[in-house]
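>>> no sequence on this one, just coordinates:
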Ligand SMILES: [Mg+2]
């Protein structure tokens, strides 16, 4: 039976030296002529659209579709520069895992991320791993992260002409939001503490497994093969 692996991006595949946050700040300043205040904002594991709506509302600007669109377009323009300028990297073991899974006939992998598709591409092309992902669910699909799972399952089915069983689907991410969004579609979940959350933080949300990092790809593969 085929397995489906759905990857989060930030804090899971890569760290980007906070290129995303810096881009949101610069884009806001460019459009509205003042520095935004992100101190009250929890961006980890959220979608770009949701974040844009929160930032606008927090600064007493209408979070209507026009303003959100303008903000995210400006964000994507700045993101190109920021991703190149900031010191980011692929996280431990990721390249080996992506490559291994890519060559396994029983496994398909895609993205399940709050990034806009174009933002995901900017980040992952920079780190030379975009070509591993033929499909995904993105922040374009919904501002609500918990609504992204069904989009990922549908695109996996379209791409592979195969209906992946939720119990053979694994959602991989660095935040409780990733775990929650996997559980909602009945998927298995793997947490990784390479973002803001520790292994105990992640385990509190009862994922199938949680790792400090993926430096030992064999340990990750044991989880997906044991299920
Ligand atoms: Mg993340």
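Yes, it's here. Values in this document were obtained by computation on a predicted structure and should not be read as measured data.
>>> quick one: buried residues of the longest helix seen in the chain?
With secondary structure taken from DSSP state H, the chain has its longest helix at helix 65-85. Within helix 65-85, the residues scored as buried using 16 or more other Cβ atoms under 10 Å are 67-68, 71-72, 74-76, 78-79, 82-83. In this view, the C-beta of every residue, glycine as well, is placed from N, C-alpha and C.
>>> which bits of this protein sit near the ion?
With Cβ under 5 Å from the ion as the criterion, the chain meets the ion at residues 8, 10-11, 174.
>>> what about 8 Å?
8-12, 44-45, 113-114, 173-175, 177-178, 195 (Cβ under 8 Å from the ion).
>>> restricted to helices, list the residues you listed.
Per DSSP H, the residues of the chain next to the ion map to helices at 177-178.
>>> now flag whichever of the residues of the chain next to the ion is closest to residue 97.
Residue 97 lies nearest to residue 12 out of the residues of the chain next to the ion, by Cβ to Cβ, at 10.9 Å.
>>> so the closest one touches residue 194, yeah?
Yes - between residue 12 and residue 194 there is a contact under Cβ atoms under 8 Å: 6.8 Å.
>>> which residues do those two both contact?
91, 174 (Cβ atoms under 8 Å, 6 or more residues apart in numbering).
>>> would you map the helices across the chain?
19-32, 48-58, 65-85, 94-102, 117-126, 148-160, 176-184, 199-203, 217-226.
>>> let's have the ones you listed in JSON lines, adding mean pLDDT and distance to residue 138.
Putting those into JSON lines (pLDDT from 0 to 100; distance: least, Cβ to Cβ, whole Å) gives the following:
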{"stretch": "helix 19-32", "mean pLDDT": "95", "distance to residue 138": "14"}
{"stretch": "helix 48-58", "mean pLDDT": "94", "distance to residue 138": "9"}
{"stretch": "helix 65-85", "mean pLDDT": "97", "distance to residue 138": "12"}
{"stretch": "helix 94-102", "mean pLDDT": "98", "distance to residue 138": "18"}
{"stretch": "helix 117-126", "mean pLDDT": "98", "distance to residue 138": "4"}
{"stretch": "helix 148-160", "mean pLDDT": "97", "distance to residue 138": "8"}
{"stretch": "helix 176-184", "mean pLDDT": "96", "distance to residue 138": "13"}
{"stretch": "helix 199-203", "mean pLDDT": "98", "distance to residue 138": "23"}
{"stretch": "helix 217-226", "mean pLDDT": "95", "distance to residue 138": "23"}
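>>> which one of these lies nearest to residue 139?
Nearest of the helices of the chain to residue 139, taken as Cβ to Cβ: helix 48-58 at 4.2 Å.
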